[in-house]
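Participant: Here is a sequence with its predicted model. Questions after.
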Amino acid sequence: MATSPPPLPADFAPMARGLAHEIKNPLSTISLNAQMIQEDLRHVRDVVGEGSMLADELARAARRADGLVRETARLRDILEDFLRFAGRVEPDRQPVDLGVLLDELVAFFDPQACESGARLRYLRPEKPVVAAVDARLLKQALLNLLLNAVQIMAEARAKRTPHGGAADLLLRVEEPAPGIVSIHVTDTGPGMDAATKKRLFEPYFSTRRGGTGLGLPTTQRIIEAHGGRIEVNSEPGRGTDFTIHLPVA
């Protein structure tokens, strides 16, 4: 099982928030201006029309503006991931029916799963499964796992990497022992080797192009703040099962 990242210094979170504030303001300005440039270029292109040398120049400028908008959006996502990872995790634990919580999560995420080509299957427990959790934080942790799974499966299909179908994504809850509840997020993607599994929760380690490498470490911090743990079982060429084990109380 992958080891936990070292604890962050006590003064790290406020420093991170201050730095993020200094970055977010100019980044927002850059993004807004890039979008305005996009609109201006579209307007000028409509006026000039197709077929002229100027139209070709405008098309090249438009592609550069599009790239600038994409990159600023990517930087904003990286910054948000960093803030979630660096922030203090203090769960407000309340009794929650996990079946209802997962109903809400599935309703929210299913359209995105379908758009990515994945089939999200939820095996809802037949009776209420209640645990003391922070519903908002647990949803965030599970969403990180679901997003990671659909992205990994989509990449496997695109690259024709050996996989277990790269389409089905299973979400289920079980009670393996008294006082313990487990939530499984199981994909049919490419799986991973032992070396990748060992580094899985290292900050900034990612096997995906464009991944920030902070989603899984953030998930681990949230689960451990609840007094739980994450177990990972994976088979190369077949898929991966993430299991979150949580104390009931």
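Facilitator: Received it, and whenever you're ready, just let me know what you need.
Participant: Which pLDDT value belongs to the spatially most central residue of the chain?
Facilitator: Taking C-alpha atoms, centre = their mean, the centroid of the chain lies closest to N144, which sits 3.6 Å from it. Looking at N144, its pLDDT is 90.
Participant: Contacts only, for it.
Facilitator: Applying C-beta atoms under 8 Å, 6 or more residues apart in numbering to N144 gives the contacts 215-216, 218-219. To be clear about C-beta, it is placed using only N, CA and C from the backbone, and glycine gets the same treatment.
Participant: Locate it within the secondary structure: which element?
Facilitator: helix 135-159 (DSSP states H and E).
Participant: Now do the same for the next helix or strand after that helix: mean pLDDT, whole number.
Facilitator: Next along the chain after helix 135-159, taking DSSP H and E as the criterion, comes strand 168-177. Averaged across strand 168-177, the pLDDT comes to 93.
Participant: So in this structure, which helix runs the longest?
Facilitator: helix 12-48 (DSSP state H).
Participant: same question for that one, mean pLDDT?
Facilitator: For helix 12-48, mean pLDDT is 77.
Participant: again, but for stretch 205-222
Facilitator: Rounded mean pLDDT across stretch 205-222 is 79.
Participant: Span of that stretch from start to end?
Facilitator: 18 Å (C-alpha to C-alpha, to the nearest Å).
Participant: what's the offset of it from the middle of its chain?
Facilitator: On the basis of C-alpha atoms, centre = their mean, to the nearest Å, stretch 205-222 sits 7 Å off its chain's mean C-alpha point.
Participant: just stretch 61-78 next, same as before
Facilitator: For stretch 61-78, the distance to the chain centre is 20 Å (C-alpha atoms, centre = their mean).
Participant: what do you get for stretch 232-240?
Facilitator: 19 Å.
Participant: same deal with stretch 42-62?
Facilitator: So, by C-alpha atoms, centre = their mean, the centroid of stretch 42-62 is 38 Å from its chain's centroid.
Participant: For that stretch, buried residues please.
Facilitator: 45, 58, 61-62 (16 or more other C-beta atoms under 10 Å).
Participant: Which of these sits closest to K197?
Facilitator: A62 (43.3 Å; C-beta to C-beta).
Participant: Now the phi/psi pair for that closest one, please.
Facilitator: Here is the backbone geometry of A62 (degrees, to the nearest 10): phi -60, psi -40.
Participant: Leaving aside the residues adjacent along the chain, what's closest to it?
Facilitator: Using C-beta to C-beta, 6 or more residues apart in numbering and skipping residues adjacent in sequence, the residue nearest A62 is L41, 4.6 Å away.
Participant: No further questions, thank you.
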